[in-house]
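1. Quick check, what structure comes out for this input:
(chains A and B, ligands or ions: 2)
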Amino acid sequence: MSVELLRITDLHAFYGESHILHGVDLRVDRGEVVILLGRNGAGRTTTLKAIMGLVGSRSGSIMINGVEASDLPPHKIARLGVGYCPEERGIYSSLTTEENLMLPPLVGSGGMSLEEIYGMFPNLAERRATQGTRLSGGEQQMLALARILRTGAKLLLLDEISEGLAPVIVQALSRTIQTLRQKGYTILLVEQNFRFALPLADRFYVMEHGQVVEGFSASELPAKMSALQAQLAV
Amino acid sequence: MTTVFGVPLAVILGQLMLGLVNGAFYALLSLGLAVIFGLMGVVNFAHGALYALGAFAALLGMKWLGLNYWVALLAAPAAVAVLGLAAERALLRHVYKLPPLYGLLLTFGLALVIEGTLFQLFGSSGDSYPVPEALRGAWNLGFMILPIYRGWVILASIVVCTGVWFVIERTRLGATLRAARENGALLQSFGVNVPLLFAATYGGGAALAALAGVLAAPVILVTPHMGSSLVIVVFAVVVIGGMGSILGAIVSGLGLGLIEGFTKVVYPEASNVIVFVIMAVVLILRPAGLFGKE
Ligand SMILES: Nc1ncnc2c1ncn2[C@@H]1O[C@H](COP(=O)(O)OP(=O)(O)O)[C@@H](O)[C@H]1O
Ligand SMILES: [Mg+2]
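-> Ligands and ions are numbered 1, 2, ... in the order given. The predicted model follows:
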(Lines give C-alpha, C1' and ligand atoms only; values in the text may rest on other atoms or scores of the structure.)
(Ligands and ions follow the chains in the order given, each with its own letter.)
Protein backbone atom coordinates (compact mmCIF):
# COMPACT_ATOMS: atom_id res chain seq x y z
CA MET A 1 0.00 0.00 0.00
CA SER A 2 1.58 3.25 -1.13
CA VAL A 3 1.47 6.32 1.05
CA GLU A 4 -0.09 8.36 -1.74
CA LEU A 5 -3.89 8.30 -1.75
CA LEU A 6 -4.47 11.07 -4.27
CA ARG A 7 -2.12 12.44 -6.89
CA ILE A 8 -3.22 14.99 -9.44
CA THR A 9 -0.92 15.79 -12.35
CA ASP A 10 -1.41 18.51 -14.95
CA LEU A 11 -5.18 18.67 -14.44
CA HIS A 12 -7.12 20.87 -16.84
CA ALA A 13 -10.86 21.39 -16.45
CA PHE A 14 -13.52 23.10 -18.54
CA TYR A 15 -17.09 24.26 -18.11
CA GLY A 16 -18.26 24.24 -21.69
CA GLU A 17 -15.90 26.60 -23.49
CA SER A 18 -14.39 28.16 -20.35
CA HIS A 19 -11.02 26.75 -19.45
CA ILE A 20 -10.90 26.94 -15.63
CA LEU A 21 -8.04 24.74 -14.39
CA HIS A 22 -4.69 25.19 -16.10
CA GLY A 23 -2.51 22.28 -15.04
CA VAL A 24 -3.14 21.61 -11.34
CA ASP A 25 -0.60 19.41 -9.54
CA LEU A 26 -1.11 18.19 -5.99
CA ARG A 27 -0.73 15.17 -3.77
CA VAL A 28 -2.45 13.93 -0.61
CA ASP A 29 -0.95 11.11 1.43
CA ARG A 30 -2.88 8.59 3.49
CA GLY A 31 -3.99 10.03 6.83
CA GLU A 32 -3.09 13.60 5.93
CA VAL A 33 -5.25 16.67 6.24
CA VAL A 34 -4.36 18.95 3.34
CA ILE A 35 -5.84 22.39 2.91
CA LEU A 36 -6.40 24.09 -0.39
CA LEU A 37 -6.27 27.85 0.04
CA GLY A 38 -7.00 30.56 -2.48
CA ARG A 39 -9.09 33.61 -3.21
CA ASN A 40 -12.63 33.31 -4.44
CA GLY A 41 -12.60 32.19 -8.03
CA ALA A 42 -9.11 30.64 -7.83
CA GLY A 43 -10.47 27.25 -8.89
CA ARG A 44 -10.57 25.28 -5.62
CA THR A 45 -14.19 24.13 -5.98
CA THR A 46 -13.53 23.27 -9.60
CA THR A 47 -10.57 21.15 -8.52
CA LEU A 48 -12.78 19.06 -6.20
CA LYS A 49 -15.51 18.82 -8.84
CA ALA A 50 -12.95 17.75 -11.43
CA ILE A 51 -11.76 14.99 -9.09
CA MET A 52 -15.37 13.75 -8.83
CA GLY A 53 -15.97 14.03 -12.57
CA LEU A 54 -18.55 16.78 -12.16
CA VAL A 55 -17.07 19.33 -14.59
CA GLY A 56 -17.85 19.59 -18.30
CA SER A 57 -14.60 17.94 -19.35
CA ARG A 58 -11.13 17.37 -17.95
CA SER A 59 -7.68 16.18 -18.96
CA GLY A 60 -4.56 15.20 -17.08
CA SER A 61 -4.13 12.50 -14.48
CA ILE A 62 -6.07 11.87 -11.26
CA MET A 63 -4.72 8.83 -9.42
CA ILE A 64 -6.88 7.70 -6.50
CA ASN A 65 -5.56 4.79 -4.47
CA GLY A 66 -3.44 3.77 -7.45
CA VAL A 67 -6.32 3.88 -9.96
CA GLU A 68 -6.51 6.38 -12.82
CA ALA A 69 -9.82 8.16 -12.26
CA SER A 70 -9.75 10.85 -14.91
CA ASP A 71 -11.75 8.82 -17.41
CA LEU A 72 -14.22 7.26 -14.95
CA PRO A 73 -17.85 8.38 -14.46
CA PRO A 74 -18.65 9.96 -11.06
CA HIS A 75 -20.23 6.87 -9.51
CA LYS A 76 -17.15 4.80 -10.19
CA ILE A 77 -14.91 7.50 -8.74
CA ALA A 78 -16.96 7.49 -5.54
CA ARG A 79 -16.56 3.73 -5.36
CA LEU A 80 -12.77 4.15 -5.20
CA GLY A 81 -13.53 5.30 -1.65
CA VAL A 82 -14.10 9.01 -2.09
CA GLY A 83 -16.66 11.08 -0.18
CA TYR A 84 -17.58 14.52 -1.51
CA CYS A 85 -19.12 17.34 0.51
CA PRO A 86 -20.04 20.10 -1.95
CA GLU A 87 -19.78 23.82 -1.27
CA GLU A 88 -23.56 24.30 -1.54
CA ARG A 89 -23.98 21.30 0.84
CA GLY A 90 -26.46 19.54 -1.43
CA ILE A 91 -29.02 18.60 1.19
CA TYR A 92 -32.07 17.11 -0.52
CA SER A 93 -35.33 18.87 0.26
CA SER A 94 -37.44 15.90 -0.83
CA LEU A 95 -35.70 13.71 1.77
CA THR A 96 -35.80 13.69 5.56
CA THR A 97 -32.63 14.14 7.59
CA GLU A 98 -32.26 10.40 8.04
CA GLU A 99 -33.04 9.69 4.38
CA ASN A 100 -30.31 12.19 3.45
CA LEU A 101 -27.96 10.43 5.83
CA MET A 102 -28.74 6.98 4.44
CA LEU A 103 -28.70 8.08 0.80
CA PRO A 104 -25.10 7.42 -0.29
CA PRO A 105 -24.39 3.74 -0.89
CA LEU A 106 -21.43 2.06 0.82
CA VAL A 107 -18.21 2.53 -1.15
CA GLY A 108 -15.82 0.81 1.24
CA SER A 109 -15.63 -1.09 4.49
CA GLY A 110 -15.26 0.33 7.95
CA GLY A 111 -17.63 3.29 7.66
CA MET A 112 -19.17 4.71 10.80
CA SER A 113 -22.45 3.21 11.99
CA LEU A 114 -25.60 5.27 12.25
CA GLU A 115 -25.29 5.16 16.06
CA GLU A 116 -21.73 6.46 15.95
CA ILE A 117 -22.78 9.26 13.62
CA TYR A 118 -25.71 10.24 15.81
CA GLY A 119 -23.33 10.14 18.78
CA MET A 120 -21.05 12.56 16.98
CA PHE A 121 -23.90 14.81 15.81
CA PRO A 122 -26.69 14.58 18.43
CA ASN A 123 -28.67 17.36 16.72
CA LEU A 124 -29.16 15.18 13.68
CA ALA A 125 -30.54 12.36 15.83
CA GLU A 126 -33.12 14.69 17.32
CA ARG A 127 -34.19 15.93 13.91
CA ARG A 128 -33.99 12.71 11.99
CA ALA A 129 -37.57 12.90 10.69
CA THR A 130 -37.33 16.57 9.70
CA GLN A 131 -37.16 17.57 6.04
CA GLY A 132 -33.45 17.98 5.25
CA THR A 133 -33.61 21.59 4.14
CA ARG A 134 -35.53 22.66 7.26
CA LEU A 135 -32.43 22.15 9.37
CA SER A 136 -30.40 25.21 10.36
CA GLY A 137 -27.36 26.08 8.26
CA GLY A 138 -25.04 24.50 10.81
CA GLU A 139 -27.10 21.33 11.02
CA GLN A 140 -27.22 21.06 7.25
CA GLN A 141 -23.43 21.31 7.18
CA MET A 142 -23.17 18.59 9.82
CA LEU A 143 -25.54 16.46 7.76
CA ALA A 144 -23.56 16.98 4.55
CA LEU A 145 -20.42 15.87 6.39
CA ALA A 146 -22.07 13.03 8.32
CA ARG A 147 -23.58 11.68 5.11
CA ILE A 148 -20.17 10.68 3.74
CA LEU A 149 -18.85 9.18 6.97
CA ARG A 150 -21.27 6.25 6.85
CA THR A 151 -20.11 5.03 3.45
CA GLY A 152 -16.64 3.75 4.22
CA ALA A 153 -15.04 6.44 2.06
CA LYS A 154 -11.45 7.02 3.22
CA LEU A 155 -10.69 10.13 1.19
CA LEU A 156 -12.94 13.08 2.04
CA LEU A 157 -13.17 16.13 -0.23
CA LEU A 158 -14.68 18.95 1.82
CA ASP A 159 -15.54 22.30 0.25
CA GLU A 160 -15.67 25.38 2.55
CA ILE A 161 -17.51 23.60 5.34
CA SER A 162 -17.11 26.54 7.74
CA GLU A 163 -18.55 29.08 5.32
CA GLY A 164 -21.31 31.26 6.75
CA LEU A 165 -21.58 29.47 10.09
CA ALA A 166 -21.58 30.86 13.63
CA PRO A 167 -18.24 30.64 15.54
CA VAL A 168 -19.44 27.96 17.98
CA ILE A 169 -20.46 25.75 15.11
CA VAL A 170 -17.17 26.36 13.34
CA GLN A 171 -15.39 25.25 16.52
CA ALA A 172 -17.51 22.10 16.67
CA LEU A 173 -16.65 21.35 13.04
CA SER A 174 -12.99 21.90 13.79
CA ARG A 175 -13.15 19.31 16.59
CA THR A 176 -14.96 16.96 14.24
CA ILE A 177 -12.21 17.24 11.64
CA GLN A 178 -9.63 16.49 14.33
CA THR A 179 -11.59 13.43 15.40
CA LEU A 180 -11.84 12.24 11.81
CA ARG A 181 -8.13 12.66 11.41
CA GLN A 182 -7.49 10.55 14.50
CA LYS A 183 -9.77 7.92 13.02
CA GLY A 184 -7.45 7.77 10.02
CA TYR A 185 -9.48 9.58 7.39
CA THR A 186 -7.59 11.41 4.65
CA ILE A 187 -8.96 14.87 4.02
CA LEU A 188 -8.58 17.45 1.28
CA LEU A 189 -10.23 20.59 2.64
CA VAL A 190 -10.98 23.74 0.68
CA GLU A 191 -10.97 26.72 3.03
CA GLN A 192 -10.79 30.43 3.28
CA ASN A 193 -11.36 30.74 7.00
CA PHE A 194 -7.81 30.88 8.36
CA ARG A 195 -8.64 30.43 11.99
CA PHE A 196 -10.58 27.32 11.18
CA ALA A 197 -8.05 25.84 8.81
CA LEU A 198 -4.68 26.53 10.35
CA PRO A 199 -4.72 24.28 13.41
CA LEU A 200 -6.04 21.33 11.43
CA ALA A 201 -3.64 20.94 8.57
CA ASP A 202 -0.55 18.87 7.85
CA ARG A 203 0.10 20.67 4.60
CA PHE A 204 -1.21 23.55 2.50
CA TYR A 205 -1.55 24.36 -1.15
CA VAL A 206 -2.33 27.80 -2.52
CA MET A 207 -4.26 28.19 -5.77
CA GLU A 208 -4.34 31.17 -8.11
CA HIS A 209 -5.97 31.45 -11.54
CA GLY A 210 -6.59 27.75 -11.90
CA GLN A 211 -3.13 26.59 -10.84
CA VAL A 212 -1.42 25.52 -7.64
CA VAL A 213 1.21 28.20 -7.09
CA GLU A 214 2.63 27.08 -3.78
CA GLY A 215 2.73 24.14 -1.39
CA PHE A 216 4.19 23.96 2.11
CA SER A 217 3.89 22.06 5.37
CA ALA A 218 2.39 23.20 8.66
CA SER A 219 5.84 23.78 10.16
CA GLU A 220 6.66 26.33 7.45
CA LEU A 221 3.47 28.25 8.13
CA PRO A 222 4.68 30.82 10.72
CA ALA A 223 7.33 32.15 8.35
CA LYS A 224 4.79 32.40 5.54
CA MET A 225 1.99 33.94 7.49
CA SER A 226 2.19 37.61 6.49
CA ALA A 227 2.94 36.93 2.83
CA LEU A 228 0.03 34.50 2.75
CA GLN A 229 -2.38 36.95 4.29
CA ALA A 230 -1.53 39.48 1.61
CA GLN A 231 -1.86 36.82 -1.08
CA LEU A 232 -5.31 35.73 0.05
CA ALA A 233 -6.71 39.15 0.96
CA VAL A 234 -9.65 40.04 -1.19
CA MET B 1 -87.22 4.81 -5.33
CA THR B 2 -84.59 7.35 -4.27
CA THR B 3 -83.74 9.89 -6.91
CA VAL B 4 -81.18 12.70 -7.20
CA PHE B 5 -81.99 15.51 -9.65
CA GLY B 6 -84.73 13.21 -10.88
CA VAL B 7 -82.27 10.41 -11.66
CA PRO B 8 -82.62 7.13 -9.79
CA LEU B 9 -79.80 6.72 -7.29
CA ALA B 10 -79.09 3.23 -8.59
CA VAL B 11 -78.36 4.64 -12.04
CA ILE B 12 -75.98 7.19 -10.58
CA LEU B 13 -74.14 4.61 -8.50
CA GLY B 14 -73.91 2.32 -11.52
CA GLN B 15 -72.35 5.04 -13.64
CA LEU B 16 -69.99 6.00 -10.85
CA MET B 17 -68.83 2.40 -10.63
CA LEU B 18 -68.17 2.27 -14.36
CA GLY B 19 -66.42 5.62 -14.07
CA LEU B 20 -64.22 4.13 -11.39
CA VAL B 21 -63.22 1.33 -13.77
CA ASN B 22 -62.12 3.93 -16.32
CA GLY B 23 -60.46 5.85 -13.51
CA ALA B 24 -58.49 2.71 -12.59
CA PHE B 25 -56.95 2.76 -16.06
CA TYR B 26 -56.37 6.50 -15.97
CA ALA B 27 -54.60 6.16 -12.63
CA LEU B 28 -52.29 3.34 -13.74
CA LEU B 29 -51.38 5.09 -16.97
CA SER B 30 -50.95 8.55 -15.52
CA LEU B 31 -48.88 7.07 -12.69
CA GLY B 32 -46.40 5.67 -15.22
CA LEU B 33 -46.30 9.00 -17.04
CA ALA B 34 -45.75 10.85 -13.76
CA VAL B 35 -42.93 8.54 -12.70
CA ILE B 36 -41.17 9.02 -16.04
CA PHE B 37 -41.77 12.76 -16.23
CA GLY B 38 -40.88 13.32 -12.59
CA LEU B 39 -37.46 11.77 -12.85
CA MET B 40 -36.43 12.30 -16.43
CA GLY B 41 -38.43 15.35 -17.49
CA VAL B 42 -39.59 13.40 -20.53
CA VAL B 43 -43.22 13.63 -21.65
CA ASN B 44 -43.62 10.04 -22.76
CA PHE B 45 -45.78 10.08 -25.86
CA ALA B 46 -45.05 6.38 -26.35
CA HIS B 47 -47.17 5.54 -23.30
CA GLY B 48 -50.30 4.61 -25.29
CA ALA B 49 -48.24 2.40 -27.58
CA LEU B 50 -46.61 0.66 -24.60
CA TYR B 51 -50.11 0.06 -23.22
CA ALA B 52 -51.11 -1.56 -26.52
CA LEU B 53 -47.89 -3.53 -26.49
CA GLY B 54 -48.77 -4.94 -23.05
CA ALA B 55 -52.15 -6.13 -24.35
CA PHE B 56 -50.55 -7.66 -27.44
CA ALA B 57 -47.90 -9.36 -25.33
CA ALA B 58 -50.67 -11.01 -23.29
CA LEU B 59 -52.55 -11.99 -26.43
CA LEU B 60 -49.53 -13.45 -28.21
CA GLY B 61 -48.30 -15.12 -25.04
CA MET B 62 -51.61 -16.94 -24.90
CA LYS B 63 -51.71 -17.82 -28.62
CA TRP B 64 -48.10 -18.75 -29.15
CA LEU B 65 -46.89 -19.95 -25.77
CA GLY B 66 -50.10 -20.94 -24.07
CA LEU B 67 -49.46 -18.57 -21.16
CA ASN B 68 -52.56 -17.88 -19.10
CA TYR B 69 -53.80 -14.51 -17.85
CA TRP B 70 -52.06 -14.67 -14.49
CA VAL B 71 -48.69 -15.37 -16.04
CA ALA B 72 -49.31 -12.63 -18.60
CA LEU B 73 -50.00 -10.20 -15.79
CA LEU B 74 -46.32 -10.52 -14.80
CA ALA B 75 -44.62 -11.60 -18.02
CA ALA B 76 -46.08 -8.96 -20.36
CA PRO B 77 -45.02 -5.98 -18.20
CA ALA B 78 -41.60 -7.59 -17.73
CA ALA B 79 -41.14 -8.01 -21.47
CA VAL B 80 -42.27 -4.44 -22.17
CA ALA B 81 -39.98 -3.19 -19.38
CA VAL B 82 -37.00 -4.80 -21.09
CA LEU B 83 -38.00 -3.11 -24.33
CA GLY B 84 -38.39 0.23 -22.56
CA LEU B 85 -35.00 -0.18 -20.95
CA ALA B 86 -33.41 -0.88 -24.31
CA ALA B 87 -35.16 2.11 -25.89
CA GLU B 88 -33.91 4.35 -23.10
CA ARG B 89 -30.31 3.18 -23.48
CA ALA B 90 -30.34 3.33 -27.27
CA LEU B 91 -32.34 6.51 -27.86
CA LEU B 92 -33.86 8.43 -25.00
CA ARG B 93 -30.71 9.04 -22.97
CA HIS B 94 -29.37 11.24 -25.72
CA VAL B 95 -32.11 13.86 -25.31
CA TYR B 96 -32.06 14.60 -21.55
CA LYS B 97 -29.77 17.59 -21.98
CA LEU B 98 -31.82 18.96 -24.89
CA PRO B 99 -35.03 21.03 -24.59
CA PRO B 100 -38.12 18.95 -23.58
CA LEU B 101 -39.51 19.10 -27.10
CA TYR B 102 -36.90 16.59 -28.25
CA GLY B 103 -37.98 13.94 -25.75
CA LEU B 104 -41.57 14.50 -26.74
CA LEU B 105 -40.80 14.11 -30.45
CA LEU B 106 -38.60 11.09 -29.89
CA THR B 107 -41.21 9.23 -27.84
CA PHE B 108 -43.89 10.25 -30.34
CA GLY B 109 -41.73 8.66 -33.03
CA LEU B 110 -41.33 5.60 -30.83
CA ALA B 111 -45.12 5.36 -30.54
CA LEU B 112 -45.47 5.50 -34.33
CA VAL B 113 -42.86 2.78 -34.75
CA ILE B 114 -44.48 0.48 -32.16
CA GLU B 115 -48.04 1.01 -33.40
CA GLY B 116 -46.94 0.77 -37.04
CA THR B 117 -45.11 -2.49 -36.39
CA LEU B 118 -48.11 -3.99 -34.59
CA PHE B 119 -50.32 -2.86 -37.47
CA GLN B 120 -48.02 -4.44 -40.07
CA LEU B 121 -47.89 -7.72 -38.21
CA PHE B 122 -51.45 -8.07 -37.00
CA GLY B 123 -53.61 -5.63 -38.98
CA SER B 124 -56.06 -3.20 -37.47
CA SER B 125 -59.15 -5.38 -37.05
CA GLY B 126 -58.13 -6.38 -33.56
CA ASP B 127 -58.63 -9.43 -31.45
CA SER B 128 -60.30 -10.19 -28.17
CA TYR B 129 -58.82 -11.73 -25.06
CA PRO B 130 -60.95 -14.02 -22.91
CA VAL B 131 -61.87 -13.06 -19.38
CA PRO B 132 -59.97 -15.47 -17.12
CA GLU B 133 -62.06 -18.32 -15.68
CA ALA B 134 -61.78 -17.22 -12.06
CA LEU B 135 -63.02 -13.71 -12.79
CA ARG B 136 -66.09 -14.51 -14.88
CA GLY B 137 -69.60 -13.78 -13.69
CA ALA B 138 -70.98 -10.83 -11.83
CA TRP B 139 -71.75 -9.57 -8.34
CA ASN B 140 -75.10 -8.14 -7.52
CA LEU B 141 -74.32 -4.98 -5.56
CA GLY B 142 -77.98 -4.16 -5.12
CA PHE B 143 -77.83 -0.96 -7.13
CA MET B 144 -76.11 -2.65 -10.07
CA ILE B 145 -74.77 -5.89 -11.46
CA LEU B 146 -70.97 -5.52 -11.41
CA PRO B 147 -69.02 -7.89 -13.63
CA ILE B 148 -66.39 -9.45 -11.36
CA TYR B 149 -63.65 -8.65 -13.84
CA ARG B 150 -64.34 -4.92 -13.61
CA GLY B 151 -64.23 -5.10 -9.84
CA TRP B 152 -60.88 -6.83 -10.16
CA VAL B 153 -59.55 -4.05 -12.40
CA ILE B 154 -60.43 -1.46 -9.75
CA LEU B 155 -58.84 -3.54 -7.00
CA ALA B 156 -55.68 -4.33 -8.98
CA SER B 157 -55.20 -0.71 -9.97
CA ILE B 158 -55.61 0.58 -6.43
CA VAL B 159 -53.22 -2.05 -5.04
CA VAL B 160 -50.55 -1.37 -7.69
CA CYS B 161 -50.87 2.41 -7.40
CA THR B 162 -50.64 2.28 -3.61
CA GLY B 163 -47.64 -0.03 -3.88
CA VAL B 164 -45.80 2.28 -6.27
CA TRP B 165 -46.63 5.28 -4.09
CA PHE B 166 -45.30 3.43 -1.05
CA VAL B 167 -42.05 2.43 -2.76
CA ILE B 168 -41.39 5.97 -3.96
CA GLU B 169 -42.38 7.85 -0.82
CA ARG B 170 -41.43 5.45 1.96
CA THR B 171 -38.49 3.23 1.00
CA ARG B 172 -34.76 3.69 0.48
CA LEU B 173 -35.08 2.94 -3.21
CA GLY B 174 -37.72 5.66 -3.36
CA ALA B 175 -35.47 8.08 -1.50
CA THR B 176 -32.79 7.40 -4.11
CA LEU B 177 -35.29 8.10 -6.90
CA ARG B 178 -36.44 11.33 -5.24
CA ALA B 179 -32.81 12.39 -4.85
CA ALA B 180 -32.08 11.57 -8.49
CA ARG B 181 -34.90 13.83 -9.57
CA GLU B 182 -33.73 16.66 -7.32
CA ASN B 183 -29.99 16.56 -7.99
CA GLY B 184 -28.81 13.59 -10.01
CA ALA B 185 -25.24 14.78 -10.51
CA LEU B 186 -24.56 14.91 -6.76
CA LEU B 187 -26.27 11.55 -6.26
CA GLN B 188 -23.97 10.04 -8.86
CA SER B 189 -20.95 11.49 -7.09
CA PHE B 190 -22.04 9.49 -4.02
CA GLY B 191 -21.61 6.29 -6.03
CA VAL B 192 -25.13 5.69 -7.38
CA ASN B 193 -25.25 4.60 -11.01
CA VAL B 194 -27.73 7.31 -11.99
CA PRO B 195 -27.80 6.52 -15.74
CA LEU B 196 -28.87 2.98 -14.88
CA LEU B 197 -31.50 4.36 -12.52
CA PHE B 198 -32.94 6.42 -15.37
CA ALA B 199 -33.08 3.40 -17.66
CA ALA B 200 -34.74 1.33 -14.95
CA THR B 201 -37.28 4.07 -14.30
CA TYR B 202 -38.28 4.24 -17.94
CA GLY B 203 -38.54 0.46 -17.91
CA GLY B 204 -40.71 0.66 -14.78
CA GLY B 205 -42.99 3.29 -16.32
CA ALA B 206 -43.29 1.14 -19.45
CA ALA B 207 -44.16 -1.87 -17.28
CA LEU B 208 -46.99 0.08 -15.64
CA ALA B 209 -48.39 0.98 -19.07
CA ALA B 210 -48.13 -2.65 -20.15
CA LEU B 211 -49.84 -3.83 -16.97
CA ALA B 212 -52.75 -1.52 -17.74
CA GLY B 213 -52.78 -3.05 -21.23
CA VAL B 214 -53.03 -6.59 -19.86
CA LEU B 215 -55.80 -5.55 -17.46
CA ALA B 216 -57.68 -3.92 -20.34
CA ALA B 217 -57.26 -6.80 -22.79
CA PRO B 218 -60.31 -8.81 -21.60
CA VAL B 219 -62.65 -5.81 -21.63
CA ILE B 220 -61.77 -4.08 -24.89
CA LEU B 221 -60.81 -4.96 -28.43
CA VAL B 222 -57.03 -5.35 -28.60
CA THR B 223 -55.83 -3.23 -31.55
CA PRO B 224 -52.54 -1.49 -32.38
CA HIS B 225 -54.14 1.91 -31.77
CA MET B 226 -56.08 1.07 -28.61
CA GLY B 227 -53.93 3.48 -26.62
CA SER B 228 -53.89 6.50 -28.87
CA SER B 229 -57.19 8.10 -27.85
CA LEU B 230 -56.95 6.95 -24.22
CA VAL B 231 -53.54 8.51 -23.79
CA ILE B 232 -54.88 11.95 -24.71
CA VAL B 233 -57.27 11.79 -21.75
CA VAL B 234 -54.46 10.47 -19.58
CA PHE B 235 -52.24 13.42 -20.47
CA ALA B 236 -55.04 15.71 -19.34
CA VAL B 237 -55.24 13.70 -16.09
CA VAL B 238 -51.52 14.17 -15.51
CA VAL B 239 -51.75 17.90 -16.12
CA ILE B 240 -54.67 18.17 -13.70
CA GLY B 241 -52.86 16.16 -11.02
CA GLY B 242 -49.64 18.12 -11.49
CA MET B 243 -46.88 17.03 -13.87
CA GLY B 244 -44.70 14.48 -12.14
CA SER B 245 -46.75 14.24 -8.94
CA ILE B 246 -47.24 10.58 -7.97
CA LEU B 247 -50.13 11.17 -5.60
CA GLY B 248 -51.64 13.68 -8.05
CA ALA B 249 -51.65 11.12 -10.86
CA ILE B 250 -53.35 8.47 -8.72
CA VAL B 251 -55.96 10.71 -7.10
CA SER B 252 -56.86 12.62 -10.23
CA GLY B 253 -56.93 9.42 -12.30
CA LEU B 254 -59.54 7.81 -10.06
CA GLY B 255 -61.30 11.10 -9.38
CA LEU B 256 -61.69 12.06 -13.02
CA GLY B 257 -63.03 8.60 -13.83
CA LEU B 258 -65.72 9.19 -11.21
CA ILE B 259 -66.47 12.69 -12.49
CA GLU B 260 -66.77 11.37 -16.04
CA GLY B 261 -69.19 8.71 -14.83
CA PHE B 262 -71.25 11.27 -12.98
CA THR B 263 -71.33 13.53 -16.04
CA LYS B 264 -72.76 10.64 -18.06
CA VAL B 265 -75.77 10.71 -15.75
CA VAL B 266 -76.46 14.41 -15.46
CA TYR B 267 -75.35 15.66 -18.89
CA PRO B 268 -74.19 12.81 -21.14
CA GLU B 269 -73.33 15.16 -24.01
CA ALA B 270 -70.45 16.60 -21.97
CA SER B 271 -68.97 13.30 -20.75
CA ASN B 272 -66.31 13.19 -23.45
CA VAL B 273 -65.07 16.70 -22.85
CA ILE B 274 -65.49 17.13 -19.10
CA VAL B 275 -61.89 16.08 -18.39
CA PHE B 276 -60.57 18.71 -20.79
CA VAL B 277 -62.86 21.39 -19.39
CA ILE B 278 -61.51 20.59 -15.91
CA MET B 279 -57.97 20.68 -17.29
CA ALA B 280 -58.55 24.15 -18.73
CA VAL B 281 -59.97 25.41 -15.45
CA VAL B 282 -57.11 23.90 -13.43
CA LEU B 283 -54.53 25.38 -15.81
CA ILE B 284 -56.05 28.81 -15.33
CA LEU B 285 -56.41 28.64 -11.54
CA ARG B 286 -53.47 26.42 -10.60
CA PRO B 287 -51.05 26.04 -13.51
CA ALA B 288 -48.87 23.55 -11.62
CA GLY B 289 -51.83 21.18 -11.16
CA LEU B 290 -53.77 20.16 -8.07
CA PHE B 291 -50.86 18.36 -6.42
CA GLY B 292 -47.97 20.06 -8.24
CA LYS B 293 -45.47 22.33 -6.55
CA GLU B 294 -45.83 25.93 -7.69
N1 LIG C 1 -20.47 26.24 -13.80
C2 LIG C 1 -19.55 27.14 -14.18
N3 LIG C 1 -19.51 27.56 -15.46
C4 LIG C 1 -18.57 28.45 -15.87
N5 LIG C 1 -17.62 28.96 -15.06
C6 LIG C 1 -17.60 28.58 -13.79
C7 LIG C 1 -18.56 27.65 -13.26
N8 LIG C 1 -18.30 27.46 -11.95
C9 LIG C 1 -17.24 28.23 -11.68
N10 LIG C 1 -16.81 28.91 -12.75
C11 LIG C 1 -15.66 29.83 -12.82
O12 LIG C 1 -14.51 29.08 -12.52
C13 LIG C 1 -13.60 29.86 -11.77
C14 LIG C 1 -13.19 29.11 -10.53
O15 LIG C 1 -14.31 28.97 -9.69
P16 LIG C 1 -14.28 28.07 -8.39
O17 LIG C 1 -13.64 26.78 -8.69
O18 LIG C 1 -15.67 28.04 -7.87
O19 LIG C 1 -13.35 28.91 -7.43
P20 LIG C 1 -13.18 28.85 -5.85
O21 LIG C 1 -13.88 27.64 -5.34
O22 LIG C 1 -11.72 28.82 -5.64
O23 LIG C 1 -13.79 30.12 -5.31
C24 LIG C 1 -14.29 31.18 -11.48
O25 LIG C 1 -13.80 32.15 -12.38
C26 LIG C 1 -15.73 30.91 -11.76
O27 LIG C 1 -16.39 32.04 -12.26
MG1 LIG D 1 -15.46 27.52 -4.02
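2. Assign B:Asn44 to one of the three secondary structure states.
-> coil (DSSP: H, G, I helix; E, B strand; the rest coil).
3. Now do the contacts for it.
-> Contacts for B:Asn44 (CB atoms under 8 Å, 6 or more residues apart in numbering or on different chains) come out as B:32-33, B:36-37, B:103, B:107, B:202, B:205. Heads up, the C-betas are built off the backbone N, CA and C, glycines and all.
4. how about 6 Å then?
-> B:33, B:36, B:107 (CB atoms under 6 Å, 6 or more residues apart in numbering or on different chains).
5. wait, the last one sits on B:Phe45?
-> Yes. Taking CB atoms under 6 Å as the definition, B:Thr107 is a contact partner of B:Phe45 at 4.2 Å.
6. When the two are compared, which one has more neighbours?
-> Neighbour count, other CB atoms under 10 Å in any protein chain shown: between B:Thr107 and B:Phe45, B:Thr107 has more, with 24 against 21.
7. was I right about B:Met279 contacting B:Val238?
-> No. B:Met279 lies out of contact with B:Val238 (CB under 6 Å); the separation is 9.6 Å.
8. of the two, who's got more company?
-> Neighbour comparison, B:Met279 and B:Val238: the larger count goes to B:Val238, with 30 against 21 (by other CB under 10 Å).
9. Nearest to the spatial middle of chain A, which residue is it?
-> A:Leu158 (1.6 Å; CA atoms, centre = their mean).
10. just to revisit the earlier point, now flag whichever of the contacts of B:Asn44 is closest to chain A.
-> Minimum distance to chain A across those is 17.1 Å, recorded for B:Ile36 (CB to the nearest CB).
11. Filter the contacts of B:Asn44 down to the ones in helices?
-> If you go by DSSP state H, the contacts of B:Asn44 have B:33, B:36, B:107 in helices.
12. want to try JSON lines for those residues, with pLDDT as columns?
-> What follows is the ones in helices among the contacts of B:Asn44, written out as JSON lines (pLDDT from 0 to 100):
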{"residue": "B:Leu33", "pLDDT": "96"}
{"residue": "B:Ile36", "pLDDT": "95"}
{"residue": "B:Thr107", "pLDDT": "97"}
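13. Quick check: the residue of the stretch 1-150 of chain B nearest ligand 2.
-> Going by CB to the ion, ligand 2 is nearest to B:Lys97 of the stretch 1-150 of chain B, at 24.4 Å.
14. just the residues of chain A that are near ligand 1, which are they?
-> In this structure, chain A approaches ligand 1 at residues A:15, A:18, A:20, A:38, A:40-46, judged by CB under 6 Å from any ligand atom.
15. looking at it, the residue nearest to the centre of chain A is touching A:Leu188, isn't it?
-> No. With contacts counted by CB under 6 Å, A:Leu158 stays clear of A:Leu188, the gap being 7.3 Å.
16. give me the number of residues near B:Leu197?
-> 22.
17. For it, give me its contacts.
-> Neighbouring residues of B:Leu197 by CB under 6 Å, 6+ apart: B:Ala180.
18. Let me see the contact set for the residue of chain A found nearest ligand 2.
-> Nearest to ligand 2, among the residues of chain A, is A:Thr45, at 3.2 Å (CB to the ion). For A:Thr45, the contacting residues are A:87, A:159, by CB under 6 Å, 6+ apart.
19. Shouldn't it be within a helix?
-> Yes. According to three-state DSSP, A:Thr45 belongs to a helix.
20. How much space separates B:Arg150 from A:Leu26?
-> Per CB to CB, to the nearest Å, B:Arg150 is found 68 Å from A:Leu26.
21. Which of the two has more residues huddled nearby?
-> Between B:Arg150 and A:Leu26, counted using other CB under 10 Å, the more crowded position is B:Arg150 (21 against 18).
22. Just confirm the more buried one contacts B:Val21, I think it does.
-> Yes. B:Arg150 is within contact range of B:Val21, at 4.8 Å (criterion: CB under 6 Å).
23. If you tally nearby residues, what's the number for residue 34?
-> You didn't pick a chain, so chain A it is. Other residues lying near A:Val34 total 21 when counted by other CB under 10 Å.
24. wait, chain B
-> B:Ala34: 30 neighbours (other CB under 10 Å).
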